[in-house]
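Participant: coords please:
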Amino acid sequence: MEQQHFKFSTRVIAYPILFILTLWLVFWFEVRFGFNFSKFGIYPRTLSGLIGVVLSPFIHGDIEHLYHNTIPLFVLSMALFYFYKPIAWRVLFLGILLSGFLTWCIGRPSYHIGASGLIYVLVSFTFFKGVFAKHFRLIALSLLVVFLYGSMVWYTFPIEEGISWEGHLAGLISGFLFALFFRKQIAKPKRYVWEQENYNPDDDPFLRHFDEDGNFIDAPSNSPEGGELGNTDSNRTVNYIFKPRSQGLNDEGKDSPFGG
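Facilitator: Model prediction:
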């Protein structure tokens, strides 16, 4: 299961690049031919505004808007395809639909455009998924996301004019719901032999060399290398060779920088 998730391939980079290029191509088409696609954004609580649920992530108001969305979208989608490969496409597609629909439900009567709602889906999903997973790699990813994008949470509140905080809030809620919904479809932490339920210490080739008091037994009688030797040669000991500290000092009496 873990190998299925944490496996690098060219698709981990290729899919995010392809998605980013699509956003830039749409913006170039607008500028080159003088179109304005803003009317295809989400216009809350209108039937015609529902088309923006699908199209709004591909539409941006200006190049600065697109630029600010490009880098986090690339980084987060790449992390999604690497750490959550089996469910990456579902998170992307359902994230666009659910966050867009929630924006349509709660948004102000204006056109809501941009991929920032999807970015909030990925931030929220990645963070909460790592918390729920209890896997050290996914928890580390969650902490990294908090470090890089934790301040974005403030933009889920109406603190700045002209920003769709409704779209950000919808993305945050959607990511959290996906982290709950896909809770079982995550990489499982590696369980070592001694962590398994059917583990028997008597079958461990290492522990067989120790008795119940922790004393070393060179060749226990119940091991293949034991036999008569394990029963008769009970006085054998393990010798440890050590180097006196005086031999590790240089001529001036200071510690030598090299150790043996």
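Participant: quick check: Leu92 touching Leu80?
Facilitator: Yes - in this structure, Leu92 is within contact of Leu80 by Cβ atoms under 8 Å, at 7.3 Å. Quick note: C-beta positions are derived from backbone N, CA and C, even for glycine.
Participant: ok, the two, which is more surrounded?
Facilitator: Leu80 (24 against 20; other Cβ atoms under 10 Å).
Participant: Gly41 reaches Gly52, doesn't it?
Facilitator: Yes - counting by Cβ under 8 Å, Gly52 is a contact partner of Gly41 at 4.3 Å.
Participant: shared neighbours, those two?
Facilitator: Counting by Cβ atoms under 8 Å, 6 or more residues apart in numbering, the contacts common to Gly41 and Gly52 are 59, 111-113.
Participant: okay if I get these as TSV plus neighbour count and secondary structure?
Facilitator: TSV is the format used below for those (neighbours: other Cβ atoms under 10 Å; DSSP: H, G, I helix; E, B strand; the rest coil):
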residue	neighbour count	secondary structure
Ile59	25	coil
Tyr111	20	coil
His112	25	strand
Ile113	24	coil
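Participant: any chance of those in a markdown table, with pLDDT too?
Facilitator: Conversion of those to a markdown table gives the following (pLDDT from 0 to 100):
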| residue | pLDDT |
| --- | --- |
| Ile59 | 97 |
| Tyr111 | 96 |
| His112 | 97 |
| Ile113 | 96 |
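Participant: least trustworthy helix or strand in this structure by mean pLDDT?
Facilitator: helix 227-232 (a mean of 46; mean pLDDT, DSSP states H and E).
Participant: now do the strands in the stretch 101-250 of the chain.
Facilitator: Under the criterion DSSP state E, counting those that start in this stretch, strands are not mapped anywhere in the stretch 101-250 of the chain.
Participant: where does it have low pLDDT?
Facilitator: 184-214, 216, 218-250 (pLDDT under 70).
Participant: mind doing that once more with 50?
Facilitator: 225-235, 248-249 (pLDDT under 50).
Participant: please report how far Gly130 lies from Trp104.
Facilitator: For Gly130, the distance to Trp104 (Cβ to Cβ, to the nearest Å) stands at 29 Å.
Participant: do Phe132 as well
Facilitator: On the measure of Cβ to Cβ, Phe132 and Trp104 end up 28 Å apart.
Participant: can you check Leu73 too?
Facilitator: 21 Å.
Participant: what helix or strand is Asn69 on?
Facilitator: Taking DSSP states H and E as the criterion, Asn69 maps to helix 63-83.
Participant: so what does that helix touch, helix or strand wise?
Facilitator: Counting contacts by 3 or more Cβ pairs under 8 Å, 6 or more residues apart in numbering; DSSP states H and E, helix 63-83 is packed against helix 10-33, helix 88-106, helix 116-133, helix 136-149.
Participant: among these, which is nearest His168?
Facilitator: His168 lies closest to helix 116-133 among the helices and strands packed on helix 63-83, at 4.9 Å (Cβ to Cβ).
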